[in-house]
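Novice: Quick one, structure for this:
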Amino acid sequence: MEIANIYVNVAKINLSNLKDIDRFLQIINKYFSKYYLEHEAYRVNAKSVLGIMSLDLSNDLKLICDCGTPETEITQLQEELKTNKF
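Specialist: This next block holds a predicted model:
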C-alpha cells in the first residue's frame, strides 16, 4: 500500500519575468527541503529552471512543500518571499 504525500501551502507567488525567476531561485535554493510550484494540474520542482519555465507564468503559482518540512523553515521562507515582494 502506497502512502500519499501530504503537502503544505507555503505561498502564492507571481513570476512574471526572468528577473523574478532568477531572484526566486536564489531564495528557494538556500533551503534544504523539497519545494514544488503548482498551477492547475501541473506540479514541478520549485528549484528547477526548466520546471518553472514549463508552467503558465501568466498566473499566480502555488508554492508547496512536504508536510515534513520544519515549520521554522517555512516561516523563514515566507518572510523572505514577502520581503522580496513575491
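
Novice: Show me the strands in this structure, by range?
Specialist: Secondary structure of the chain (DSSP state E): strands at 7-13, 35-39, 42-45, 61-66.

Novice: now for the shortest one, which elements pack on it?
Specialist: Going back to what we said before, that points to strand 42-45. strand 35-39, helix 49-53 (3 or more C-beta pairs under 8 Å, 6 or more residues apart in numbering; DSSP states H and E). (C-beta placed from N, C-alpha, C; glycine too.)

Novice: And the contacts of stretch 29-38?
Specialist: 7, 10, 13, 28, 43-47, 51-52, 55, 61-66, 68-70, 73, 77 (C-beta atoms under 8 Å, 6 or more residues apart in numbering).

Novice: check contacts around the closest residue to residue 42 other than its chain neighbours.
Specialist: Leaving aside its sequence neighbours, residue 42 sits nearest to residue 55 (C-beta to C-beta, 6 or more residues apart in numbering; 6.0 Å). Shown in contact with residue 55 (C-beta under 8 Å, 6+ apart): 37, 39, 42, 44, 61.

Novice: per-residue pLDDT, residue 55?
Specialist: On the pLDDT scale, residue 55 is placed at 96.

Novice: can you check residue 14 too?
Specialist: 96.

Novice: For PyMOL, write the selection for the buried entries among the contacts of stretch 29-38.
Specialist: To isolate the buried members of the contacts of stretch 29-38 in PyMOL, using 16 or more other C-beta atoms under 10 Å:
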select buried, resi 7+10+13+28+44+46+47+52+55+61+62+63+64+65+69+73+77
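
Novice: circling back: what would the contacts of residue 55 look like in JSON lines with pLDDT and distance to residue 86?
Specialist: Shown next, in JSON lines, are the contacts of residue 55 (pLDDT from 0 to 100; distance: C-beta to C-beta, whole Å):
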{"residue": "37", "pLDDT": "97", "distance to residue 86": "11"}
{"residue": "39", "pLDDT": "94", "distance to residue 86": "15"}
{"residue": "42", "pLDDT": "95", "distance to residue 86": "19"}
{"residue": "44", "pLDDT": "97", "distance to residue 86": "16"}
{"residue": "61", "pLDDT": "97", "distance to residue 86": "10"}
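
Novice: mean confidence score for the biggest helix by length in the chain?
Specialist: What stands out as the longest helix in the chain, according to DSSP state H, is helix 71-83. Regarding helix 71-83, the rounded mean pLDDT is 94.
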